[in-house]
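J.: quick one, what's the 3D model for this:
(one chain, ligands or ions: 1)
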Amino acid sequence: MASINEILDQFKQQLAATTKVADVLNLKAQILGKQGALSEILKGLKDATPEQRKTLGAEANVAKTQIEDLVGAKITTLEAAEINETLLKNKADFSLRDAVMEKGLQAAGMHPVTIVQREIEDIFLSMGFEVLDGPHIEDEWHNFEALNIPATHPARDMQDTFWFEDKKHLLRTHTSTIQVRGMKTRKPPFRFVGPGKVFRCERTDASHEMCFHQLEGMMVGEDVSVGHLIYFMKTLLSEIFKRDVEVRLRPGFFPFVEPGFELDIKCLICGGKGCSVCKQVGWVELLPCGMVHPNVLKAGGIDPDKYNGFAFGLGLDRLVMMRYGIDDIRLIHGGDLRFNSQFKTF
Ligand code: FA5
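T.: Got it, this is the predicted structure:
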């Protein structure tokens, strides 16, 4: 009896001194494990009288339950302390922002493209899509060939390219490169979006920049249809604009999709009357899309006889312009803090 109490007291002292979950578990094993102190006492019961066996057995069981309860409580306390420590270490320090403001410097807030990009990522994440990234510097194969645009194809001229001196590397002209990389690294079915900067050697105007943003999307599986494509595009636009917006779907040509479509949005700057953003047409090209061409699936290592899919390449800056009523894309990229700080801040 005395030794059960001793074991228990010693255990309590040692437990109080432990600071790690692993040490608590070791301590428990030293007592309750096969070779543990309490187990040894129980083994010795075979030589005791029936009366002693009864009392000692009962006491040992009470001690065992007590030890298990103490171990459980200690682990809960240690884990809670660990969580609190992590929270303290990772907390955001807003005092820095306040210090900056006190010095008269302006906090710019989040860039409107970032705000809208994150919202779109969340919308697609909630619909089971992954969010992928890809490099700005690409090779010809990822930007053109894998997308069914061979060297001699006139479509290469559709996107004026910034080439590197080696004539093999370029600044990606569209986020469709992310499609190629995404296909190569996963097996169907899959769905992902890939936002990012793209670069084109173009003259700038109210709706054109040399460096702008796109958001690619792709879904591949056994029975993907135009119906899926339209459903996801509609969901995206209604979530972003939180109201009905007028869109039109018309045939569009891109070598990497068949059939291909252009999804235009009624210009929200002029309400469709015509302005410099929509080039007086009343509609803004926003969301080219289509069913992935079999050659593209093949380049991505996917069997086009078994699988099909849709893809789209959203013009992110233009969507931002429509959402906030910005009438010149160059404002988005101008880096003017007076412009940037009009949007949601941290
Ligand atoms: C493409 O870049 C295709 N890769 C999109 C695609 C993906 C089609 C998947 C089918 C399937 P396009 O060159 O039209 O397509 O550009 C896509 C969008 O980017 C346009 O609708 C437009 O909103 C935006 N955009 C194009 N050029 C510029 C520019 N210079 N400045 C700002 N936005 C632009």
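
J.: now do the helices in the stretch 51-200 of the chain.
T.: Applying DSSP state H, counting those that start in this stretch to the stretch 51-200 of the chain gives helices spanning 95-102, 112-126, 140-143, 176-184.

J.: mean pLDDT and mean neighbour count added to the ones you listed, as TSV?
T.: For the C-beta atoms, the positions are set from N, CA and C on the backbone; glycine is no exception. Putting the helices of the stretch 51-200 of the chain into TSV (pLDDT from 0 to 100; neighbours: other Cβ atoms under 10 Å) gives the following:
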stretch	mean pLDDT	mean neighbour count
helix 95-102	75	10
helix 112-126	95	17
helix 140-143	96	19
helix 176-184	98	24
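
J.: from residue 182, how far off is the most centrally placed residue in the chain?
T.: Per Cα atoms, centre = their mean, the C-alpha nearest to the average position across the chain is that of residue 131, at 4.4 Å. To residue 182, residue 131 is 11 Å away according to Cβ to Cβ, to the nearest Å.

J.: who touches both of these two?
T.: Listed as contacting both residue 131 and residue 182 by Cβ atoms under 8 Å, 6 or more residues apart in numbering are 192, 194.

J.: so what touches stretch 16-29?
T.: Contacts to stretch 16-29, defined as Cβ under 8 Å, 6+ apart, come from residues 11, 14, 15, 36, 67, 68, 71, 74, 75, 78, 79.

J.: with just CA atoms, put that stretch into PDB.
T.: The C-alpha trace of stretch 16-29 is given here as PDB (Å, rounded to 0.1, in the frame of the first residue of the first chain):
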ATOM      1  CA  ALA A  16       4.400  19.100 -12.200                       C
ATOM      2  CA  ALA A  17       8.000  19.500 -13.500                       C
ATOM      3  CA  THR A  18       7.300  18.400 -17.100                       C
ATOM      4  CA  THR A  19       6.800  21.000 -19.800                       C
ATOM      5  CA  LYS A  20       6.500  18.800 -22.900                       C
ATOM      6  CA  VAL A  21       3.800  16.400 -24.000                       C
ATOM      7  CA  ALA A  22       6.400  13.800 -25.000                       C
ATOM      8  CA  ASP A  23       7.800  13.900 -21.400                       C
ATOM      9  CA  VAL A  24       4.400  13.400 -19.900                       C
ATOM     10  CA  LEU A  25       3.800  10.400 -22.100                       C
ATOM     11  CA  ASN A  26       7.200   8.900 -21.100                       C
ATOM     12  CA  LEU A  27       6.400   9.400 -17.500                       C
ATOM     13  CA  LYS A  28       3.100   7.700 -17.900                       C
ATOM     14  CA  ALA A  29       4.900   4.700 -19.500                       C
END
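
J.: and it, which residues are buried?
T.: 18, 24, 27, 28 (16 or more other Cβ atoms under 10 Å).

J.: can you name the residue of the stretch 51-200 of the chain nearest to the ligand?
T.: Of all residues in the stretch 51-200 of the chain, residue 174 sits closest to the ligand, at 3.4 Å by Cβ to the nearest ligand atom.

J.: number of residues surrounding the closest residue in space to that residue that isn't next to it in sequence?
T.: What sits nearest to residue 174 in space, not counting adjacent residues and going by Cβ to Cβ, 6 or more residues apart in numbering, is residue 198, at 5.3 Å. Applying other Cβ atoms under 10 Å, we find 24 other residues in the vicinity of residue 198.

J.: make 135 the first number, not 1, from now on.
T.: Done: numbering now begins at 135, and the last item shifts to residue 332.

J.: so what sits opposite residue 332 in the bridge?
T.: Beta-bridge partners recorded for residue 332 (DSSP bridges): residue 346.

J.: now stretch 415-426: buried residues?
T.: Buried residues in stretch 415-426 (16+ other Cβ under 10 Å): 416, 417, 418, 419, 420, 421, 422, 423, 424, 425, 426.
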